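S.K.: Model the structure of this input:
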Amino acid sequence: MGDILAKDRRKYKRLPIELHLEVDEVFKQDYVVIKDLNALVTVFDISKSGIGFICKADLPHGYYFQGRINLGSSDFFDVVIRVVQFHNDGESKVYGAEFVGLAPFLADKVDKYEKSLEHERY
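M.R.: Residues are numbered from 1 along each chain as shown. Now for the predicted structure:
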């Protein structure tokens, strides 16, 4: 799934993940808010800088939403996510999004997640 996005702009390694988020609203600067979306987001990859996901709803480019990233083993963090890429492959709406203002110690949790994936392989 990770290679679906047309241009890969990520500077960090993408890691597979199965995660679901519910998006009730998206917002943009200047207090522009779209409410009552009730959109289910299925995250298929994660990096230290963002996520790739599928969503049936139309999420506007440049808008933000809040989410909780659960990396398993009681390891999670709350984050603001900004939609930066969109691709419709005919069957699915595939998005790329970046974490906004994520503290380095929270981004390091993704490194820990990568190590847990490597450990599971061996």
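S.K.: Next, the contact list for the closest residue to Lys11 other than its chain neighbours, please.
M.R.: Leaving aside its sequence neighbours, Lys11 sits nearest to Ser49 (Cβ to Cβ, 6 or more residues apart in numbering; 6.8 Å). Heads up, the C-betas are built off the backbone N, CA and C, glycines and all. Neighbouring residues of Ser49 by Cβ atoms under 8 Å, 6 or more residues apart in numbering: Arg10, Lys11, Tyr12, Glu98, Phe99, Leu102, Ala107.
S.K.: Least confident of the residues you listed?
M.R.: On pLDDT alone, Arg10 ranks lowest of the contacts of Ser49, at 52.
S.K.: How many neighbouring residues does Val41 have?
M.R.: Val41 has 21 neighbours, counted by other Cβ atoms under 10 Å.
S.K.: Give the pairing partners of the helix or strand where it lies; include direction for each.
M.R.: If you go by DSSP states H and E, Val41 is part of strand 39-46. Using DSSP bridges, the strands paired with strand 39-46 are strand 15-23 (antiparallel), strand 50-55 (antiparallel).
S.K.: Give the pairing partners of the longest strand along the chain; include direction for each.
M.R.: The single longest strand within the chain, with elements called by DSSP state E, is strand 76-88. Here strand 76-88 is paired, per DSSP bridges, with strand 64-70 (antiparallel), strand 93-100 (antiparallel).
S.K.: tell me the most buried of these?
M.R.: Stretch with highest mean neighbour count among the strands paired with strand 76-88: strand 93-100 (a mean of 20; mean count of other Cβ atoms under 10 Å).
S.K.: what does that strand contact?
M.R.: With Cβ under 8 Å, 6+ apart, strand 93-100 has contacts from 1, 4-5, 9-10, 49-59, 64, 79-88, 107.
S.K.: Just give the nearest non-adjacent residue to Ala107, would you?
M.R.: The shortest distance from Ala107 to any residue other than its chain neighbours is 4.4 Å, reached at Lys48 (Cβ to Cβ, 6+ apart).
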